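>>> sequence first, predicted coordinates after that:
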Amino acid sequence: MKKVLLSGAVACGVAFGGLATSISGAQAHFQLVFTPETMLEKGGEITLKMPFTHPAESGHVMEMAAPEEFYVVRKGKKKNLMDSLNIIEWTSSENTGKAYEASVKLRGLGDNVFVLNPAPYYEASEDIFIQQITKSYVNVGDLPTDWAEPQGLKTEIRPLTKPYNVIAGGTFSGVVLSEGKPVPFAEIEIEYLNYPVDSENNRFATEGQISTPAHAILADASGTFTFGIPEEGFWGFAALGSGPDKEHEGKELSQDAVIWVQARDVD
């Protein structure tokens, strides 16, 4: 049975992040870079699943072209992971579409910042391209190293809260950046990974965990936002059109900054 979340999450958005609204239409496009556990005691091989989909509702899976970049940063050093990418088929409640996965061996202690720069996707219903430059974090050994640092992306959300150790019932804060500079009053869509990931079969589970609308908030004049996290699990934040590139192949481009965080209950 789905749990129903009250409007407390929206209230936190108003109090800390500026204006908060519910999205009345379908849930948003979100690029996933998913692995089930983001705090590991020791290194080893992990698998990351990367569909472009609608995770709050197990909605439509978009066909991904080959990514432009995929890499990891640890202790300030960048490692190219393009050779680790493999094509998979990802299944939602609506359809099956082309996605990517990667198996990566983590060595040593510290933060691993995964960056996926996908190719622009043409959204025919809006006649625009969408490119969601996405960050996801995995920590090894509870040694913080890189999580608070910007990665020099065209656009990104710099976390002010550890993205792999957010407390459910607490808040997550970040700063929206475009070419390293804050984006005043950036619009940020927020999405809950509502349908558990079946990694073995490359699909979402058939039943969602909670009943909640998607939300959008505005950053403040310094590009900073804070959102109350009402539930454990994975939460995605997408700053819409925050990147410097506004056109692709003669059409409008929404170059978005995406970050995924994992919220945990206090034991």
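On my side now, so go ahead.

>>> now do the helix or strand hosting Phe227: distance to the chain's middle.
Using DSSP states H and E, Phe227 sits within strand 224-228. In terms of Cα atoms, centre = their mean, to the nearest Å, the centre of strand 224-228 is found 15 Å from the chain centre.

>>> one more: stretch 130-144?
In terms of Cα atoms, centre = their mean, the centre of stretch 130-144 is set 9 Å apart from its chain centre.

>>> for that stretch, buried residues please.
By 16 or more other Cβ atoms under 10 Å, the buried positions in stretch 130-144 come out as Ile130, Gln131, Gln132, Ile133, Thr134, Lys135, Ser136, Tyr137, Val138, Asn139, Val140. Just so you know, the C-beta spots here come from the backbone N, C-alpha and C atoms, and that holds for glycine as well.

>>> wait, doesn't the last one sit right on Gly108?
Yes - shown here, Val140 and Gly108 form a contact pair, counting by Cβ atoms under 8 Å, at 7.0 Å.

>>> and Val183, how far from Thr35?
Distance, Val183 to Thr35, using Cβ to Cβ, to the nearest Å: 28 Å.

>>> need the next SSE after the strand holding Phe227, C-terminal direction.
Using DSSP H and E, the helix or strand that follows strand 224-228 in sequence is strand 233-239.

>>> tell me the buried residues in stretch 81-91?
Leu81, Ser84, Leu85, Ile88, Trp90, Thr91.

>>> so, low pLDDT: which residues of the stretch 1-150 of the chain?
1-27 (pLDDT under 70).

>>> show me the strands in it, by range?
3-4, 20-22, 30-31, 39-40, 44-50, 52-53, 69-74, 77-80, 85-91, 96-106, 110-117, 121-123, 128-140 (DSSP state E, counting those that start in this stretch).

>>> now the ones you listed as a markdown table including distance to Pro163?
Output for those, formatted as a markdown table (distance: least, Cβ to Cβ, whole Å):
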| stretch | distance to Pro163 |
| --- | --- |
| strand 3-4 | 23 |
| strand 20-22 | 20 |
| strand 30-31 | 15 |
| strand 39-40 | 11 |
| strand 44-50 | 15 |
| strand 52-53 | 20 |
| strand 69-74 | 13 |
| strand 77-80 | 18 |
| strand 85-91 | 22 |
| strand 96-106 | 16 |
| strand 110-117 | 9 |
| strand 121-123 | 24 |
| strand 128-140 | 5 |
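
>>> tell me, how many residues neighbour the nearest residue to Leu253 once chain neighbours are set aside?
The shortest distance from Leu253 to any non-neighbouring residue, by Cβ to Cβ, 6 or more residues apart in numbering, is to Phe129 (4.6 Å). Counted with other Cβ atoms under 10 Å, the neighbours of Phe129 add up to 20.

>>> go on, Met39?
So Met39, with other Cβ under 10 Å, has 15 neighbours.

>>> any idea how far Tyr137 is from it?
From Met39 to Tyr137 the distance is 9 Å (Cβ to Cβ).

>>> give the residues shared as contacts by those two.
Tyr164 (Cβ atoms under 8 Å, 6 or more residues apart in numbering).

>>> I figured Leu40 hits Val140, correct?
Yes - using Cβ under 8 Å as the test, Leu40 is close enough to Val140 to be in contact (5.0 Å).

>>> so for these two, which residues contact both of them?
Counting by Cβ under 8 Å, 6+ apart, the contacts common to Leu40 and Val140 are Leu106.

>>> now Val175, what's its secondary structure?
What DSSP: H, G, I helix; E, B strand; the rest coil gives for Val175 is strand.

>>> that one and Thr224 touch, don't they?
Yes - with contact defined as Cβ under 8 Å, Val175 reaches Thr224; the gap is 5.0 Å.
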